[in-house]
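Asker: Predicted coordinates and the sequence they were generated for:
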Amino acid sequence: MAKAEDIDVSPDEPYRRAGARVVRVRTRELFDHAEGVLDTRDIERVHDMRVASRRLRAVLEIFAPCFPQSEFKGVLRDVKQLADALGERRDPDVHIDALRSFSKSLIAANKHGVARLIDDLQERQARANDVLAAELERAEQRGLHGRLLALADAADHDGEPEA
Amino acid sequence: MKARKVSGLDPEAALADNAERIVRVRLDELCGFMPKAADPQEIVALHDMRIAAKRLRYILEITGPCFGPYARTATKMVKDLQDLLGEIHDCDVQVPETERFAERLLAADAAALHESAGDADELDAALIKQAPHTRDHAGLAALQTHLRARRLLLFERFLELWGAYERKGFRARLEYAVGERADVHNLQRR
């Protein structure tokens, strides 16, 4: 699993400035992990992007008061939607992986049922991959990356954020 | 589970002061699930406790360096707790999923035998050999047994882990640590 970048923070720095920096880093991490995420042969890719999406969502919520609320709500909703799609793809990955491992310990006669369940989960995995592909496309069309960076920029500027 | 609102956050104020407010609320949320989540039947409470642990972990991972040294220890402890609760949650998802799948195959087999019986007054027991999923049931039963046993084991580990945290004074020490401010040269109690 890709480790999140450590971000230096200072106790005395303004909350909003720290928020801007942290959101920029977590945004970069999310989009850095997008490559090859639809390849079901390498389940670590979707795992890494899912973890990055959860971290980004978390920091958006932690620093929520620092952002202009009108833009923030839409961005958070889009990040959640992407994170949910990544989660739906990840769940069968985890289950399939665990079942393959479990199956190794079974006698031959007991492997059939587990293999049947793996087949069923692979169908679910394929459906979830289609949903994820559409969600990635949607994030691109809605300019999610740019909107996240714009939120960070707004937090960085002096003065009060929008009410 | 919706996160409890944190009042008094100020974008212009120091990061540590805001983070302290958030950590105190998230810590209270986490601890508030006990002792309810210690009941193995309280699956929802345990799931919500996992979400609360995740929220506390993320705020500590980002802002832990602002506080006293115990915040770093607590970050690791909360991560360990969240990981364990996550494994239990996986069982809580996979057990019913596997049961539903096994039930689907049983129902399909029963329908197939019924079809095979045709107009007979009684079902021929030998027809069971022709059921389409007859070879699948044993493996699925073994899997359900494994998942349930694993859940029991992991839940025991959770109770032990939480008990150890309580004995170590996890909550009080973290509450103290977030009242401290890290400094390059020393730590000062405000």
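Answerer: Nice, I can see it.

Asker: tell me the contacts of the residue of chain B found nearest chain A?
Answerer: Of all residues in chain B, the one sitting closest to chain A is B:Gly139 (3.0 Å; C-beta to the nearest C-beta). In this view, the C-beta of every residue, glycine as well, is placed from N, C-alpha and C. Taking C-beta atoms under 8 Å, 6 or more residues apart in numbering or on different chains as the criterion, B:Gly139 is in contact with A:Ser103, A:Leu106, A:Ala109, A:Asn110, A:Lys111, A:His112, A:Gly113, A:Val114, A:Ala115, A:Arg116.

Asker: the longest helix in chain B is where?
Answerer: helix B:70-117 (DSSP state H).

Asker: Nearest to B:Pro69, out of the contacts of B:Gly139: which one, please.
Answerer: A:Ser103 (45.6 Å; C-beta to C-beta).

Asker: Return the per-residue confidence for that closest one.
Answerer: On the pLDDT scale, A:Ser103 is placed at 96.

Asker: Kindly provide the distance from it to chain B.
Answerer: 8 Å (C-beta to the nearest C-beta, to the nearest Å).

Asker: Leaving out chain neighbours, which residue sits closest to that residue?
Answerer: Leaving aside its chain neighbours, A:Ser103 sits nearest to A:Val114 (4.7 Å; criterion: C-beta to C-beta, 6 or more residues apart in numbering or on different chains).

Asker: Which residue ranges of the chain form helices?
Answerer: Answering for chain A, as no chain was given. Under DSSP H, chain A gives helices at A:15-32, A:43-62, A:69-103, A:108-141, A:144-156.

Asker: oops, chain B please
Answerer: Counting by DSSP H, one finds helices in chain B at the ranges B:15-32, B:43-63, B:70-117, B:137-167, B:170-177.

Asker: Just give me the residue closest to the centre of chain B.
Answerer: In chain B, the centroid-proximal residue (C-alpha atoms, centre = their mean) is B:Leu85; its distance is 2.9 Å.

Asker: List the contacts of that one.
Answerer: B:Leu46, B:Met49, B:Arg50, B:Ala53, B:Phe158.

Asker: which residue is nearest the centroid of chain A?
Answerer: Against the mean C-alpha coordinate of chain A, by C-alpha atoms, centre = their mean, the closest residue is A:Ser53 at 2.2 Å.

Asker: Contacts only, for the nearest residue to that one once chain neighbours are set aside.
Answerer: Closest residue in space to A:Ser53, ignoring its immediate chain neighbours: A:Ala83 at 3.9 Å, by C-beta to C-beta, 6+ apart. By C-beta under 8 Å, 6+ apart, A:Ala83 lies in contact with A:Arg50, A:Ser53, A:Arg54, A:Leu56, A:Arg57.
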